[in-house]
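Colleague: Kindly generate the corresponding structure for this input.
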Amino acid sequence: IRDHCVTGVQTCALPISPEEVPVRLISPSKSQLGVIAKVKLQKLNATVRAATGVHQWTETKQAIKWFEGLPPPSKSGMEWVFFQFDFCSFYSSIKPHLFKKALIWAMQLVEASEEEHTEDLKLCMAASKSFLHYRGKDYKKKPDPNRPDTTNFDITMGSFHGAEVCELVGLYILQKLIRDKVFTKEQVGLYRDDGLAAVLVSRGKLQKYDNIRKRVHALVQKEGLKVEVEEAKRGIDYLDVSLDLVNRVYTPYTKPGDNLIYVDTRSNHPPSVFRAVPKGVAHRIATNSSSFEVFESAKAPFMEALRRSNYAEGDLREAFDYANYPKGEPPKPKRKRKGRNMTYVVIPWSSGVKSSVLGMIKALINFPQGTILNKAFNNNRNVKYSYGVAKSIGRHIMSSNRRILQGGESPLGHCGDNPCRERRQTGRCWERDGYCNAKNVVYGCWVTPLDPNNNNLPVTYKGQPRRLYGGCTVNFKQRVAAHRTSFNPSTRATNK
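Modeller: Predicted coordinates for the structure are as follows:
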């Protein structure tokens, strides 16, 4: 067994090249401070959006509302065109000086003491440090002599607060575009790194559009970022909706080649999940449709995908009734009453269980009226029941990684810590990279069994040895020793 060991902790390595290769960190090591920074930045971004009144969208519905609010051209011979722009590598392009400027600007709009602002600034900057650890080696960024504060600073696409940092920097760039009168506040909006504006130009003449494009490039480049600007269009695809300025309509949009897949009704999920899926899909299509006609013409591929997942035709007809999704502002929520002390009972769901487990538990908790237990546990008043599903494989991996990292247990164990027999005898470890003492690993090897009934000739599968995969939480060296014993060919013939 000499294959590469893969640890249970998610890691990645930097590419080795004589030239600098731009990389995007997807799942690096990250500080738990990012969880706190995420909450603080969410509150800060909400406060800044309310104070400035700029359009920073967090969902498609807000972009649609902006589109519907565009007024008709004020002069004859004028028309609206879309100005769509996208920040290039937005996450990795955010440098410490830009993030710090955005933080200081935003904190001026929040009422707090100078000491609180200083502590929050230190917290957010510390949470933005990241590094790579692979096979016992630490990879660090090369220090920039012009900006020594860039070492180990990176807004990664797996960090806890990465999206909030992008929103904050986006707000900062957005207010600069408005302050320098590139756009008015009503003309432009932003979702993460995707910007959209409406520009009023003379029909057939785009000189004004080109001038705005140059100003946007210059302003963004001054902040150390790059931006791509699309050509002037009167119809575009933005997020998951298509916007048409000519007919003033919007329709649902899916990328070409997308394969729509939904939860199959034969899977092991509670019935409430299957009831909610068609309604959720239909509600999204209705929200992204400007009229009944648009909804009817757009729903066919979604209904067909649900049919492939074995949803009942009656449920689909009920869910895709346009009358169930009225337009306009949603009703205001009713005034909340004082909450009761509720007890929640979550029962694991399994499609293989035919008995009504929920009914059995309800019968057990049905205490006689007038007793203390009936007051504390009343099925009609303060006890709620629901089914739960098992965690996904991704959740199990995250839990395992967190347990290993917080417990201080290293999944890698070098042969030099406790030399194996091969190293003691030949000076070289049998494991290719010298990590025979590793724990919590997934490993693989090629196995060629010998047939004792045929002069111990190798037994192959389609001309190739068999591939064996395994995992172990014990010392890897001990597991290999067990394999060597179990794979030791017998010299005696068997009747099997």
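Colleague: What is the neighbour count of the residue lying closest to residue 419 once chain neighbours are set aside?
Modeller: Leaving out its chain neighbours, the residue that sits closest to residue 419 by CB to CB, 6 or more residues apart in numbering is residue 429, at 7.8 Å. For the C-beta atoms, the positions are set from N, CA and C on the backbone; glycine is no exception. Neighbour count for residue 429, taken as other CB atoms under 10 Å: 21.
Colleague: part of a helix, is residue 200?
Modeller: No - with DSSP: H, G, I helix; E, B strand; the rest coil as the criterion, residue 200 is located in strand rather than a helix.
Colleague: so who does the closest residue to it other than its chain neighbours touch?
Modeller: What sits nearest to residue 200 in space, not counting adjacent residues and going by CB to CB, 6+ apart, is residue 78, at 5.4 Å. If a contact means CB atoms under 8 Å, 6 or more residues apart in numbering, then residue 78 has 200, 201, 202, 203 as its contacts.
Colleague: Give the helix, strand or coil label for residue 251.
Modeller: strand.
Colleague: What's the separation between the residue nearest to residue 200 and residue 125?
Modeller: 46 Å (CB to CB, to the nearest Å).
Colleague: Please apply the same query to residue 378.
Modeller: 51 Å.
Colleague: helix/strand/coil for residue 196?
Modeller: Look at residue 196: counting by three-state DSSP, its state is strand.
Colleague: hang on, it packs against residue 64?
Modeller: No - in this structure, residue 196 is not within contact of residue 64 by CB atoms under 8 Å, at 11.5 Å.
Colleague: Helices of the stretch 1-150 of the chain, residue ranges please.
Modeller: 33-52, 60-68, 90-93, 96-107, 114-127 (DSSP state H, counting those that start in this stretch).
Colleague: Turn these into TSV, columns for mean neighbour count.
Modeller: As requested, those are exported to TSV (neighbours: other CB atoms under 10 Å):
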stretch	mean neighbour count
helix 33-52	17
helix 60-68	17
helix 90-93	19
helix 96-107	17
helix 114-127	15
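Colleague: With respect to residue 224, which of those helices lies nearest?
Modeller: Among the helices of the stretch 1-150 of the chain, the nearest to residue 224 by CB to CB is helix 96-107 (5.8 Å).
Colleague: which strands and helices sit next to the closest one?
Modeller: Using 3 or more CB pairs under 8 Å, 6 or more residues apart in numbering; DSSP states H and E as the contact test, the elements touching helix 96-107 are helix 33-52, helix 114-127, helix 162-179.
Colleague: Put the alpha carbons of that helix into PDB.
Modeller: Provided in PDB are the C-alpha atoms of helix 96-107 (Å, rounded to 0.1, in the frame of the first residue of the first chain):
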ATOM      1  CA  PRO A  96      -6.400  45.200   3.500                       C
ATOM      2  CA  HIS A  97      -6.200  48.900   2.700                       C
ATOM      3  CA  LEU A  98      -9.500  48.800   0.800                       C
ATOM      4  CA  PHE A  99     -11.300  46.700   3.400                       C
ATOM      5  CA  LYS A 100     -10.000  49.100   6.100                       C
ATOM      6  CA  LYS A 101     -11.200  52.200   4.200                       C
ATOM      7  CA  ALA A 102     -14.600  50.600   3.700                       C
ATOM      8  CA  LEU A 103     -14.800  49.800   7.400                       C
ATOM      9  CA  ILE A 104     -13.800  53.300   8.600                       C
ATOM     10  CA  TRP A 105     -16.300  54.900   6.200                       C
ATOM     11  CA  ALA A 106     -19.100  52.600   7.300                       C
ATOM     12  CA  MET A 107     -18.400  53.100  11.000                       C
END
